[in-house]
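Colleague: Dropping the sequence and predicted coords here.
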Amino acid sequence: MDIGSRGKLKRTAPSSRLSRAAQAVVSLKTLLAPLIGYIGWEVVSAQIFYGSKSSSSNPFAPFFLLAGRVSPPNCHDPRYRKSWLDLLFISYYIVFWACVRQWLIISVLQPLGRYCSIRKKEKLDRFGEQGYAMIYFAVMGAWGYRIMGQLPTWWYKTDAFWIDYPHWDMHSELKRYYLMQMSFWFHELLVLLLGLEKPRSDYYALVAHHYITLWLVGWSYLMNLTLIGNAVYMSMDIPDACLSFSKVLNYIHADRAKVVSFAVAALAWTHLRHILNFYILYSVWFEYDLVPETSRLWKWSNGTYLTWWMKYQIFVPLLLLQALNIYWYRFILRILVRAFFRDKVDDERSDNEDDEERE
């Protein structure tokens with residue numbers, strides 16, 4: 001139910017809600033199918049082979065379990081390599097993110113928005129989208145921080161990107177994190193291209209960003225550059241979580257809190273998305289020669305790909321990503337100027353413009 005302009009109650013059309021719920025149900029069924037197949041295979045194989053079959057031979061396992069293990073079964077720190085079965089994992093988690101997104105927005109965030117007196121459908125949709133973004137980027141930012149703490153690159157020790165290359169044997173947590181991030185960005189690109197969200201005024205910049213992100217994450221995974229990939233991911237996710245949180249506060253009119261949170265988001269964006277990413281760009285341009293001499297050749301069997309031209313293949317997409325960040329940064333600075341010199345922080349733009357600052 002909505003309150004009309006004259007104060008009368010009017011019933012909202014349920015078709016969009018029903019269609020979204022139906023999409024969530026289809027996604028859930030798709031997720032359950034490999035799980036049911038996995039359990040069925042385990043039960044049947046246990047009865048036939050008396051438990052001698054391991055889960056690694058289960059044909060349904062690669063949909064949601066990591067493939068390509070290279071360490072022995074009893075190893076306390078298992079390592080993994082790339083595998084063609086990773087494509088099944090990515091496909092499965094694209095559906096997983098679709099299901100999680102629909103469930104969070106419809107069942108959790110939109111009811112919360114209505115509880116917070118958000119009535120306009122467009123704002124309720126935006127509240128749900130920003131709430132989902134806040135949760136995702138907060139979780140992945142914290143996860144990326146935890147993973148970096150286990151790596152030689154801890155807090156942007158950039159020379160470790162290249163020393164001892166190739167870094168082809170990944171910690172299980174790093175591989176899962178990387179593939180789940182990749183599946184998320186594939187899903188986000190589909191959301192944009194299929195028009196599942198109302199287009200924003202920076203629609204084409206967002207599409208370009210998603211293509212560049214997928215290009216970077218795909219190449220870095222294939223070229224055994226997951227250490228630099230983790231550093232880039234974390235520098236993007238943490239500011240996004242802060243910025244989405246400030247937008248959520250803006251929708252519920254938490255005026256003082258949103259000013260503080262936006263200032264924190266601006267600082268996080270400045271430091272992580274710009275300063276630290278310039279460190280990464282500097283490392284690619286000036287520290288690339290730290291790659292061992294024996295690894296400066298394209299040899300699939302050895303997992304080495306960093307020939308001379310790969311320096312530019314890495315640098316140019318990162319530079320393009322930085323250009324997009326600067327494009328969005330101008331909106332952040334504009335709001336900061338309005339806040340400090342005009343004593344006003346509300347974004348007066350239309351609904352399809354009010355998210356321009358978010359990546």
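Modeller: Okay, I see it.

Colleague: Show the low-confidence segments of the stretch 101-250 of the chain, by residue range.
Modeller: Filtered on pLDDT under 70, the stretch 101-250 of the chain yields no residues whatsoever.

Colleague: what are the ranges of the helices in it?
Modeller: All helices of the stretch 101-250 of the chain, identified by DSSP state H, counting those that start in this stretch, fall at 110-115, 121-148, 172-193, 203-222, 226-251.

Colleague: Dump these into TSV; add distance to residue 310 as well.
Modeller: Any C-beta I mention is one placed from the backbone N, CA and C, and that applies to glycine too. As requested, the helices of the stretch 101-250 of the chain are exported to TSV (distance: least, Cβ to Cβ, whole Å):
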stretch	distance to residue 310
helix 110-115	45
helix 121-148	23
helix 172-193	19
helix 203-222	9
helix 226-251	12
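
Colleague: most tightly surrounded among these?
Modeller: The highest average neighbour count among the helices of the stretch 101-250 of the chain, using mean count of other Cβ atoms under 10 Å, belongs to helix 226-251 at a mean of 24.

Colleague: Read off the pLDDT value for residue 17.
Modeller: Here the pLDDT value assigned to residue 17 is 53.

Colleague: related to what we said a few turns ago, would you tell me which of the helices of the stretch 101-250 of the chain gets closest to residue 76?
Modeller: Nearest to residue 76, of all those, is helix 172-193, at 10.9 Å by Cβ to Cβ.

Colleague: how far off helix 226-251 does the closest one point, in degrees?
Modeller: For helix 172-193 against helix 226-251, the angle by axes from the mean of the first three to the mean of the last three Cα atoms, to 10 degrees is 50 degrees.

Colleague: Helix 172-193 vs helix 203-222, what angle?
Modeller: 150 degrees.

Colleague: Can you check which of the helices of the stretch 101-250 of the chain gets nearest to residue 301?
Modeller: With Cβ to Cβ as the measure, helix 203-222 is the member of the helices of the stretch 101-250 of the chain nearest residue 301 (14.3 Å).

Colleague: Can you list the helices and strands that that closest one packs against?
Modeller: Applying 3 or more Cβ pairs under 8 Å, 6 or more residues apart in numbering; DSSP states H and E, one finds that helix 203-222 makes contact with helix 172-193, helix 226-251, helix 310-341.
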